[in-house]
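>>> Structure for the following, please:
(2 chains)
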Protein chains: 2
Amino acid sequence: MNPLQPLDNVRVVLSHTSHPGNIGGAARAMKTMGLGSLYLINPRSFPDMEAERRAAGAWDILNKTVVCADLDQALSGTVLAAAVTARSRDLSHEVFDARQGALELVSHARKSPVALVFGTEMSGLTTQEVSKCQIILHIPADPEYSSLNLASAVQVMAYELRMALSEPGPVPRIAGMAARFDEIELLLSHLERVAVRSGFLNPEAPKRLMQRLRRLFARTRLEKEEVNILRGILGACEKRMQTPPPIALGSSGASEEIPGDSCIDRSDENELDTERTR
Amino acid sequence: MNPLQPLDNVRVVLSHTSHPGNIGGAARAMKTMGLGSLYLINPRSFPDMEAERRAAGAWDILNKTVVCADLDQALSGTVLAAAVTARSRDLSHEVFDARQGALELVSHARKSPVALVFGTEMSGLTTQEVSKCQIILHIPADPEYSSLNLASAVQVMAYELRMALSEPGPVPRIAGMAARFDEIELLLSHLERVAVRSGFLNPEAPKRLMQRLRRLFARTRLEKEEVNILRGILGACEKRMQTPPPIALGSSGASEEIPGDSCIDRSDENELDTERTR
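Predicted structure coming up:
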């Protein structure tokens, strides 16, 4: 394998960028380190002369930049997405510093696409955007003034990714093929649908159930095969729920009345097992 | 000692910067990582509105920026200066990558001032500027497009300096107090004067002698005490040269005619010894 090839598997995703100059600066920063794949989510202005000026020769990257409507589209096909944030906001995500995060990304990028996700210049990533990523990546900075310019943050991360190529890096925690972002999103939708249909989740008052499940799977780094198994179980549950329960237990068929037979209860057990074996 | 204090001993020196925006970008990059000391050599425009705009809050750094006429002034008081270059140009300098170079700088900055020297946007540092630095520092980049923006290069180095604070780092090769830039410059001037007065160096055709001596001492990392010893020897030689040689050997008193008694010959021996023991 070409030793630089993992960098071809790294997407830089910029969400809702305000200043086109920063898009050009990011493209130039990427190109200096051998990265080439830029995705923009709803940029304020692109293409733009100022972006071209700041790109200073990295026009090939601007020419093939993918403009997306939302983060789901930008992450489709990736197996690991890292949210780059200045603040630490969410203790349920794994947090890496720039160096360790780059090693983690490169270790996955040797096989599959990964993404580095940057928020807007003023307010960074939204909580919802962060929740779609599996890890948080923090660039160490002076806590009293941690306001890195967007293109500078891209430069530091691109540099660390290049440096990470020559490190052995962590061994990926999973043995099989990693599940892609979109496969996991489908699993989560499936799980939510079953949770609602089973009566476990009230769609009028969902609370934070889906958020908790999303984070559980972010930590787990699911394999394709595991997604298939989970969706198989969900599908089987759904089929059983289409036919009415063999014995009518009353006006409501809610799962708490038949706990031994509820697919939601099994999914709860799985969750506990996962937490125990971490 | 405050663990961040070594960063207070690091000067960022920008030589002949063309775009004031890059000065502001560099100040911001420095501040995010806890650096504060900026020196400019003959900037095209400073102070400048564009510098203030790009500094985005790092105005305290711009306000105390020192504008110098030349590199000698900017390096005065430092014990180690690193020339940041994209190209490797000179095999007689020690070359470090950004990470190793940051460790080297921080290890010295724990005791004394050090400098990171950046050239112009278009052509980088001149050969003469590089020759005033003791080490070359190379930011790894894609060889096919290594054109880092100036502020981005400052950002990467400032980041690596901050990261280097938490590393044990190399043990400085010298035990005593490191000699400062200006002390070494005085030694070199002294040596040149003695070389000329002794007849060893023809000032009309100096060739590369001083360049070679400069590089020798760049590698050596002189201690203050060693500079004092060398200057003591030179001073003693000078005094002897003020009186005419006891026996007139002819019209010229050039050193090659009295080799056993020549201070230049001794200095040559020292040079060979230093090269042998490296």
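>>> Contact residues of the stretch 51-200 of chain A facing chain B?
A:56-58, A:98-99, A:139-142, A:145-149, A:151-152, A:155-156, A:159, A:162-163 (Cβ under 8 Å from any Cβ of the partner chain). All C-beta atoms are positioned from the backbone trio N, CA, C, and that covers glycine.
>>> Ranking helices and strands of chain A by mean pLDDT, which lands last?
The helix or strand of chain A with the lowest confidence, counting by mean pLDDT, DSSP states H and E, is helix A:263-277 at a mean of 35.
>>> Show me the longest helix that occurs in chain A.
Among the segments of chain A that qualify as a helix by DSSP state H, the longest is helix A:224-242.
>>> got the CA coordinates for that one in CSV?
Provided in CSV are the C-alpha atoms of helix A:224-242 (Å, rounded to 0.1, in the frame of the first residue of the first chain):
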residue,chain,number,x,y,z
LYS,A,224,-21.0,-4.3,9.7
GLU,A,225,-21.9,-7.8,10.9
GLU,A,226,-23.1,-6.6,14.2
VAL,A,227,-25.3,-4.0,12.6
ASN,A,228,-26.8,-6.8,10.5
ILE,A,229,-27.4,-8.9,13.6
LEU,A,230,-29.1,-6.1,15.5
ARG,A,231,-31.2,-5.2,12.5
GLY,A,232,-32.1,-8.8,12.1
ILE,A,233,-33.3,-9.0,15.6
LEU,A,234,-35.3,-5.7,15.2
GLY,A,235,-36.8,-6.9,12.0
ALA,A,236,-37.9,-10.2,13.7
CYS,A,237,-39.4,-8.2,16.6
GLU,A,238,-41.3,-6.0,14.1
LYS,A,239,-42.7,-9.0,12.3
ARG,A,240,-44.0,-10.5,15.6
MET,A,241,-45.5,-7.1,16.5
GLN,A,242,-47.5,-7.1,13.3
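>>> quick one: buried residues of that helix?
Buried residues in helix A:224-242, counting neighbours by 16 or more other Cβ atoms under 10 Å in any protein chain shown, are found at A:224, A:226, A:227, A:230, A:231, A:233, A:234, A:237, A:241.
>>> for the first one, what are its contacts?
Residues counted as contacts of residue A:224 (Cβ atoms under 8 Å, 6 or more residues apart in numbering or on different chains) are A:176, A:177, A:178, A:179, A:180, A:183.
>>> Please apply the same query to the fourth one.
By Cβ under 8 Å, 6+ apart, the contact set of residue A:230 is A:187, A:191.
>>> Please tell me how far it sits from chain B.
Using Cβ to the nearest Cβ, to the nearest Å, we find residue A:230 at a distance of 40 Å from chain B.
>>> so where do the strands sit in chain A?
In chain order, chain A shows strands spanning A:10-15, A:37-41, A:66-68, A:80-85, A:94-97, A:114-118, A:135-138, with DSSP state E as the criterion.
>>> now the last one, how far from the chain's geometric center?
A distance of 11 Å separates the C-alpha centroid of strand A:135-138 from that of its chain, computed with Cα atoms, centre = their mean, to the nearest Å.
>>> same deal with the shortest one?
Relative to the mean C-alpha coordinate of its chain, strand A:66-68 is positioned 17 Å out (Cα atoms, centre = their mean).
>>> other SSEs contacting it?
Counting by 3 or more Cβ pairs under 8 Å, 6 or more residues apart in numbering or on different chains; DSSP states H and E, the packing neighbours recorded for strand A:66-68 are strand A:37-41.
>>> The strand it packs on close to chain B?
No - for strand A:37-41 and chain B, the contact criterion (Cβ under 8 Å from any Cβ) is not met; the two come no nearer than 14.1 Å.
>>> pLDDT on that strand, on average?
Per-residue pLDDT values across strand A:37-41 average out to 98.
>>> Now do that strand: everything it contacts.
If you take Cβ under 8 Å, 6+ apart as the criterion, strand A:37-41 is touched by A:8, A:10-17, A:23, A:26-27, A:30, A:46, A:61-62, A:64-71, A:73-74, A:115.
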